[in-house]
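Asks: Predicted model and sequence follow; I will ask about them next.
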Amino acid sequence: MLLAQEAGTLNYIWPVVLVLLSIPLLKQKIGWLSILAVFISFFGTIIIGTQGQIFDLKFDNLLGVSLALCSAVFWALYWIYNVKDKKDEIVKLFLNFCFGLFYVSVYLLITKGLPKISLEGLFGSVYVGLFEMGITYILWLKGLQLSETTARVSNLVFISPFISLIIINFAVGEKILFSTIAGLVLIVSGILLQQYAGRIRISKN
């Protein structure tokens with residue numbers, strides 16, 4: 001429904017959603033810097049969703065924007081409840097895939113039945129399983145374990161969306177919109193401000 005650059009970038013709002021949901025679910029307090037960070041990132045999503053037409057508030061595909069933002073909500077909820085689960089991270093990842101396969105299979109059998117699996121679809125699924133949530137997730141955990149401080153590794157996350165735009169430009173052939181870059185800069189700025197606010201709270205305590 002959306003350009004790859006729009007859908008992918010809007011998904012990066014999840015750290016901001018994580019902060020908001022942590023208030024009722026983890027009983028965390030939020031300061032004025034965190035509130036400002038939320039507004040900055042939210043303004044970034046508006047710029048991307050409207051393709052820069054912020055004063056008209058005209059969304060080219062409101063449903064697509066809503067679905068992309070909903071994925072950010074689900075991703076934030078996943079991490080919140082993941083914090084409460086003390087099992088080994090790789091074991092949890094394996095269990096997530098196993099139960100996900102079971103639930104999807106049951107749903108398909110109840111509704112439309114198992115679909116015909118094309119070679120392209122199979123390769124796509126394997127690619128997503130390995131590189132979206134498999135090997136990359138394990139490498140990320142290993143990086144956190146080997147790093148002297150988590151902050152040194154965590155900041156590398158913010159390189160990812162910009163690299164994604166380069167790949168989208170060359171692999172998909174999409175012309176990267178200025179509104180996407182501007183919105184992404186605001187989203188990342190909001191997330192960095194949120195991290196700074198968190199460090200201030202820790203130093204005060």
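Replies: Looks like it arrived, so ask away.

Asks: what's the distance between the nearest residue to Val38 once chain neighbours are set aside and Gly100?
Replies: With CB to CB, 6 or more residues apart in numbering as the criterion, Val38 has its nearest non-adjacent residue at 5.4 Å, and that residue is Val16. Just so you know, the C-beta spots here come from the backbone N, C-alpha and C atoms, and that holds for glycine as well. As for Val16, its distance to Gly100 is 25 Å (criterion: CB to CB, to the nearest Å).

Asks: and the two? which has more neighbours close in?
Replies: For Val16 versus Gly100, the count of surrounding residues by other CB atoms under 10 Å is larger for Val16: 24 against 12.

Asks: can you tell me which residues contact that one?
Replies: If you count contacts by CB atoms under 8 Å, 6 or more residues apart in numbering, Val16 has them with 37-38, 41-42, 187, 190-191, 194.

Asks: Reduced to three states, what does it come out as?
Replies: The local conformation at Val16, judged by DSSP: H, G, I helix; E, B strand; the rest coil, is helix.

Asks: got a pLDDT number for it?
Replies: Residue-level confidence at Val16 comes out at 75, pLDDT.

Asks: how much space between it and Ile30?
Replies: 11 Å.

Asks: next one: Leu130
Replies: Taking CB to CB, one finds Leu130 at 37 Å from Ile30.

Asks: The two: which is more packed in?
Replies: Using other CB under 10 Å, the more surrounded residue of Leu130 and Ile30 is Ile30, with 16 against 11.

Asks: just checking, Phe178 touches Gly52?
Replies: Yes: here Phe178 reaches Gly52: they are 6.9 Å apart, a contact under CB atoms under 8 Å.

Asks: Comparing the two, which residue is more hemmed in?
Replies: Legend: neighbour count by other CB under 10 Å for Phe178 and Gly52, higher for Gly52 (16 against 10).

Asks: Give the burial count for the closest residue to that one other than its chain neighbours, as a bare number.
Replies: With sequence-adjacent residues excluded and distances taken as CB to CB, 6+ apart, Gly52 is closest to Ser179, at 3.5 Å. Here the count is done by other CB under 10 Å, and Ser179 has 21 residues near it.

Asks: For Ser179, give me its contacts.
Replies: Listed by CB under 8 Å, 6+ apart, the contact partners of Ser179 are 47-48, 50-52.

Asks: By mean pLDDT, which helix or strand of the protein comes out lowest?
Replies: Among the helices and strands of the chain, helix 150-154 carries the lowest confidence by mean pLDDT, DSSP states H and E, at a mean of 56.

Asks: can you give me the offset of the next helix or strand after that one from its chain's centre?
Replies: Per DSSP states H and E, the first helix or strand lying C-terminal to helix 150-154 is helix 160-167. Helix 160-167 has its average C-alpha position 13 Å from the chain's average C-alpha position, going by CA atoms, centre = their mean, to the nearest Å.

Asks: Done for today, thanks.
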